[in-house]
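# just a sequence and a predicted model for now, questions to come.
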Amino acid sequence: MKIAVVGAGAMGGYYGAMLARHNYDVHFLMRSDYPVVKQNGLTIKSCNGDFHLEQVNCYKDTRDMPPVDLVFIGLKTTDNDKYEQLLSPLAGGQTRFLSAQNGLGNEEQLAGLFGKDNVAGAVAFICCNRRQPGVIDHLDYGHIHIGNFNRPADATLTEFGRMLNESQITCKVVDDMAMARWQKLIWNVPFNGLSTALDLTADKIVGDPHHRDRAWQLMLEVQAAAAANGVTIETTTLEQMMTYTDTMAPYYTSMHLDRLAHRPMEIESIIGEPLRRGLAKKMALPEMQKLYNTLSALQKTNRE
């Protein structure tokens, strides 16, 4: 199976590098990092052991990339308006487009362009940052769940899951991608959101009783919004997410880093879309609404 990674930042770059390290055929779209990676390769500084890829199949334009069987999409959702431009050159009759992006609505957008049977999703549970061009810091965790859009897993997804596991990435192939998406939001809404709003790493949030309680209330609201949309998440999942965060290395979330760098933030996909889906079901979600309003104001200030 030939793989393209489009959006080879911290997360996409890490997973693609792990696959390439284990001799799988991986091709990376590199934009700002292209000159450095083309000349010097790609370096992973990992809690599980560092490594360097001397030769990387990297490109500045997807029109220059070879036909592939699966496209691993690691773009920020703020770039989803570029889906057609970036991905169409990679579309063959059987090409699978797998969104490993944050939040809700990505698979629906891809299905509108490439057909629902050619779309899959992934949720990554990983702490990683792009240190500098050509260097990725993997700080903690790294497991991933993958599944097709609105249908059970098939041979393509099963094969890709096997490749990930053989590359020392713990992967679970799931039949219910909607469940996986909402479960990830149980963590992403409070911790991406509060870390950005409060300018704190995740460990500082769980270590402060007031912030921890606010994070818990946000988790409960995401759980309620999910239930209203037909996805039941057990409270033990919320407790497990808190436990993960208690033991997590100090970590600046992706949205927090985007705020600090004055980049567009993934507010709409991570918080806005689940909020809107909950409100559409007549749910009361005051903490999510408050957080969304705060982040939207920060976004406006960032742009100015």
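Cool, the structure landed. Numbers count the residues shown, from 1 in each chain.

# where does G278 land in three-state SS?
helix (DSSP: H, G, I helix; E, B strand; the rest coil).

# give me the next element, helix or strand, following whichever helix or strand T243 is part of.
Using DSSP states H and E, T243 sits in helix 235-246. The C-terminal neighbour of helix 235-246 among helices and strands, as given by DSSP H and E, is helix 254-260.

# can you tell me which helices and strands that next one packs against?
Packing contacts for helix 254-260, counted by 3 or more C-beta pairs under 8 Å, 6 or more residues apart in numbering; DSSP states H and E, involve helix 177-198, helix 286-303. To be clear about C-beta, it is placed using only N, CA and C from the backbone, and glycine gets the same treatment.

# R259: which of the ones you listed is closest?
Using C-beta to C-beta as the measure, helix 177-198 is the one of the helices and strands packed on helix 254-260 that comes nearest R259, at 5.0 Å.

# how far off centre is the helix holding T243?
Centroid displacement of helix 235-246 relative to its chain, using C-alpha atoms, centre = their mean, to the nearest Å, is 19 Å.

# please apply the same query to stretch 157-172.
Distance, centroid of stretch 157-172 to centroid of chain: 17 Å (C-alpha atoms, centre = their mean).

# skipping adjacent residues, who's closest to P67 in space?
G92 (5.4 Å; C-beta to C-beta, 6 or more residues apart in numbering).

# and the pLDDT for the one you found?
Here the pLDDT value assigned to G92 is 87.

# for M241, see how far away E159 is.
From E159 across to M241, the span is 30 Å (C-beta to C-beta, to the nearest Å).

# next, A120: secondary structure please.
Under three-state DSSP, A120 falls in the strand class.

# for I3, see how far away it is.
13 Å.

# just want to know which of those two has more residues nearby.
A120 (28 against 23; other C-beta atoms under 10 Å).

# show me the beta-bridge partners of that one.
Beta-bridge pairing of A120 under DSSP bridges involves L98, N148.

# and the helix or strand harbouring E159, what's buried?
Applying DSSP H and E as the criterion places E159 in helix 155-166. Within helix 155-166, the residues that count as buried by 16 or more other C-beta atoms under 10 Å are 156-157, 160-161, 163-164.

# packing partners for it?
helix 10-21, strand 96-99, strand 135-148, strand 171-173.

# what helices or strands is the shortest one leaning on?
Going back to what we said before, that points to strand 171-173. Applying 3+ C-beta pairs under 8 Å, 6+ apart, one finds that strand 171-173 makes contact with strand 135-148, helix 155-166.

# can you redo these as a markdown table with distance to Y15 and mean pLDDT?
Output for these, formatted as a markdown table (distance: least, C-beta to C-beta, whole Å; pLDDT from 0 to 100):
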| stretch | distance to Y15 | mean pLDDT |
| --- | --- | --- |
| strand 135-148 | 7 | 96 |
| helix 155-166 | 7 | 98 |
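
# format these as JSON lines; extra columns: distance to W187.
Output for the helices and strands packed on strand 171-173, formatted as JSON lines (distance: least, C-beta to C-beta, whole Å):
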{"stretch": "strand 135-148", "distance to W187": "11"}
{"stretch": "helix 155-166", "distance to W187": "21"}
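
# just to revisit the earlier point, is it true that the residue nearest to P67 touches P66?
No: proximity of G92 to P66 does not meet the contact threshold set by C-beta atoms under 8 Å, at 10.6 Å.

# so for A153, what's the nearest residue that isn't a sequence neighbour?
V173 (4.8 Å).

# residues in contact with that neighbour?
The neighbourhood of V173, defined by C-beta atoms under 8 Å, 6 or more residues apart in numbering, consists of 145-147, 153, 157-158, 161.

# pick out whichever of these sits closest to D25.
G161 (16.7 Å).

# I'd guessed the closest one sits against T170; true?
No: look at G161 against T170 with C-beta under 8 Å: they stay out of range, at 10.2 Å.
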